[in-house]
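Engineer: Got a predicted structure here, sequence first:
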Amino acid sequence: MKETPEKPLGLERVKRWLYDKSLDERGAGCVLCGSCYGHGPVNPMEDEPGFKSKCPPYEYYRFQRFTPKSRWLMSQRVFHGLDSITPELKEIIYSCTTCLMCQEICGVRNDGYGPWDITVAMREEITEKEGPLDAHRPILEGLRLFDNPWSQPRSDRGQWAKGLGLARLGKNEASTLLFAGCSADRDSGRPGAVSLAKLMKQAGERFVIMGEEEGCCGLYAKDLGFRKEYYRLEEGNLRMVGMGGIKKIVTACGSCRRIWQDYPAEEMKGIEVLHGVEYLEGLLRAGRLKFTKSIRKKVTYHDPCHLGRGCNVYEAPRTILRSIPGVELVEMPRNRRWSWCCGGGGGAPEAFPEMSLWNAEDRLREAQESGGEILVTTSSLCLRSFASCQQEQLKVQDLFEFIYQAI
Ligand code: SF4
Ligand code: SF4
């Protein structure tokens, strides 16, 4: 494995925000306002307070120590050598579902860092000093051996595209890449990747896929604190798209979109990153995506945390859904930037399955109460979370699969 020790890891990476005394210019720290978990006066820098339920682990455990604020303060104490890494600290740091709500809210952060970044840096610190949580070891092993969090052998990668007749990177002049994501070969991601590819073909788009050459975007490596693995995956992906002359990357999963957009701007110069739903919205506006069938259903859309708060993509899915004849879009109370997490991110389902399930069930309850007959979403993590709930009242479907039915 190629390591990149020159890049900072762990709390060293965010020391400016932890009051590194040796630096001339320090970042502003947490002002303990409590807004990130719904117990502040209001959001410190804006008028709209949003819903009171903000941080999933805090809402589940109901102890102060499970708040973003506490994660920040605990990390700060470790940074200054005042506390050591204890099992209790690990439980608190790893219970974060990576919903990005605290990043969205925290008003003192306007420099690209926030309470979630510090939580992730603390995870990196733990990984460096003690290794990953036992529950996350298989993910790290899978990434190291197969570039895949679920240890899927390379030879099995890209099976989702079998029979679709899609061109491969390097064997075609197309400069648009459909990045399917690791979940495309699993139940949670296959329908979305297949339907997006079909929709793009239908519109006459020229694009390529990576097939068995595709590796993980780095989502798990980044969010679970395996920073060295993350840098390695990022480097590999950048090399691949560079060699293939790719100018546009279209992702099938909201989390892949978030990771690709965060690759170094310098190396992504001239490459546009879009989620499939943004891409389809462009086709719709250009009159190249036409709906010929009607779907008479009440549909509610679940904003995946990584596509919504992570990438600010809120309207494209709604515009497309409203354009489908017969569809009535009904909103859940917690929508767009206040969307409630499904509990599926940050390694929470592996380490804290009960909390994760509680999260998903709470979201499905909200969807049912909104009057929706179908919940659609566009993240394989969310689809996996909802699939783990034992319920039959509400149908859950991938957004692209839903859209394809109207073609
Ligand atoms: S990212 Fe979400 S779960 Fe994690 S600390 Fe922030 S609000 Fe809580
Ligand atoms: S992390 Fe940000 S929002 Fe949360 S208490 Fe601190 S300053 Fe307030």
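Structural biologist: Sure, I can see it. The shown structure was predicted, so the numbers you read here are calculated from the model rather than taken from an experiment. Residues are numbered from 1 along each chain as shown. Ligands and ions are numbered 1, 2, ... in the order given.
Engineer: what about Glu212, which SS state?
Structural biologist: What DSSP: H, G, I helix; E, B strand; the rest coil gives for Glu212 is helix.
Engineer: Give me the distance between it and ligand 1.
Structural biologist: Here the criterion is CB to the nearest ligand atom, to the nearest Å. By it, Glu212 lies 33 Å from ligand 1. All C-beta spots, glycine's among them, are computed from the backbone N, C-alpha and C.
Engineer: again, but for Arg71
Structural biologist: Using CB to the nearest ligand atom, one gets 6 Å for the distance from Arg71 to ligand 1.
Engineer: That residue: helix or strand, and which one exactly?
Structural biologist: Using DSSP states H and E, Arg71 sits within helix 68-79.
Engineer: touching ligand 2 at all, that helix?
Structural biologist: Yes - Helix 68-79 comes into contact with ligand 2 (CB under 6 Å from any ligand atom), by way of Pro68, Lys69, Trp72.
Engineer: I figured Trp17 hits Tyr113, correct?
Structural biologist: Yes - at 5.3 Å, Trp17 counts as touching Tyr113 under the criterion of CB atoms under 8 Å.
Engineer: For these two, indicate the residue with more neighbours.
Structural biologist: Neighbour count, other CB atoms under 10 Å: between Trp17 and Tyr113, Trp17 has more, with 26 against 18.
Engineer: What count of nearby residues applies to the nearest residue to that one once chain neighbours are set aside?
Structural biologist: Nearest residue to Trp17, sequence neighbours excluded (CB to CB, 6 or more residues apart in numbering): Gly27, at 4.2 Å. By other CB under 10 Å, 18 other residues sit near Gly27.
Engineer: Up against ligand 2, what does this protein have?
Structural biologist: 30-36, 40, 68-69, 72, 102, 105-106, 108, 115.
Engineer: Just name the lowest-scoring one in these, pLDDT-wise.
Structural biologist: Of all these, Val108 carries the smallest pLDDT score, 68.
Engineer: Okay, now the unreliable bits of the stretch 251-400 of the chain?
Structural biologist: Judged against pLDDT under 70, the stretch 251-400 of the chain has no low-scoring part.
Engineer: before we move on, back to that, of the residues of helix 68-79 next to ligand 2, closest to Cys253?
Structural biologist: Closest to Cys253 out of the residues of helix 68-79 next to ligand 2 is Pro68 (24.8 Å), distances taken as CB to CB.
Engineer: what residues are up against that closest one?
Structural biologist: Cys36, Tyr37, Cys55, Tyr58, Cys96, Cys102, Cys106, Pro115, Trp116, Thr119 (CB atoms under 8 Å, 6 or more residues apart in numbering).
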